[in-house]
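Student: structure for the following, please:
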Amino acid sequence: MPDKSETKLVEAAFNGDIESFGKLCQRYYAAMVAVGYSVLGDHQLAEDAAQESFARALVSLRKLKQQTRFAPWLAAICRNVAKDMVATKVRQINTDDFSQAARNNNHDENSRLIRRAIEQLPVSAKELIVLRYYNGLSYEEISTVLGISGPTINGRLTRAKRKMAKYLKHNGFPENRI
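Tutor: This is a model prediction of the structure:
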């Protein structure tokens, strides 16, 4: 559920206030990069997808039927932009670039196994993992961005973590670290 300040910003942007739209962009930039990243696996491409999403959202803002659903609507646009980028092969996707932490420990086998475990998840699960554990969003923030309930988030994260644990165990990750 968006807060009152967000509702006012969306309403003002809907009525042509470009400054309000800019504030919405600032508010959701990191989340949209995470959404793009969950599809693309490359931080720079994810930033491109987020920026393209904001541009498309600005052009299509009048099509937003429920102003209280701005963040999920924007996330859907970002997801589609990222999928389009993959489909048209705009650039070579670097799947080794999954997280800042993993980049810093690129030679560490455990980090590589964790990246591979995340990469094998469905896009919707990757999206949740990135938003929660790499961007540090709370369940409430994820709920706002993706438009899904807390219990749904919890269930999907639990299933994703189980699937990752199974993958890690199968591929030799130390059991005391799972």
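Student: sec struct for Val65, please.
Tutor: Actually, residue 65 is Lys rather than Val. Here Lys65 is coil, with the state taken from DSSP: H, G, I helix; E, B strand; the rest coil.
Student: give me the neighbour count for it.
Tutor: 7 (other CB atoms under 10 Å). From N, CA and C alone the C-beta is placed, and that goes for glycine too.
Student: now swap in the one 4 residues further on and tell me
Tutor: Counted with other CB under 10 Å, the burial measure for Arg69 works out to 16 neighbours.
Student: check contacts around the closest residue to it other than its chain neighbours.
Tutor: In space, not counting the residues next to it along the chain, Arg69 is nearest to Gly147; the distance is 6.1 Å by CB to CB, 6 or more residues apart in numbering. Gly147 sits next to Arg69, Ala71, Pro72, Ala75 when contact means CB atoms under 8 Å, 6 or more residues apart in numbering.
Student: just the buried positions in the helix or strand where Val59 lies, please.
Tutor: Secondary-structure assignment from DSSP states H and E places Val59 in helix 43-60. Residues of helix 43-60 classed as buried: His43, Leu45, Ala46, Glu47, Asp48, Ala49, Ala50, Gln51, Glu52, Ser53, Phe54, Ala57 (neighbour count, 16 or more other CB atoms under 10 Å).
Student: can you put these in TSV and add pLDDT and distance to Met164?
Tutor: Shown next, in TSV, are these (pLDDT from 0 to 100; distance: CB to CB, whole Å):
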residue	pLDDT	distance to Met164
His43	88	21
Leu45	90	23
Ala46	91	20
Glu47	94	25
Asp48	93	27
Ala49	93	24
Ala50	95	25
Gln51	95	30
Glu52	94	30
Ser53	95	27
Phe54	95	31
Ala57	94	32
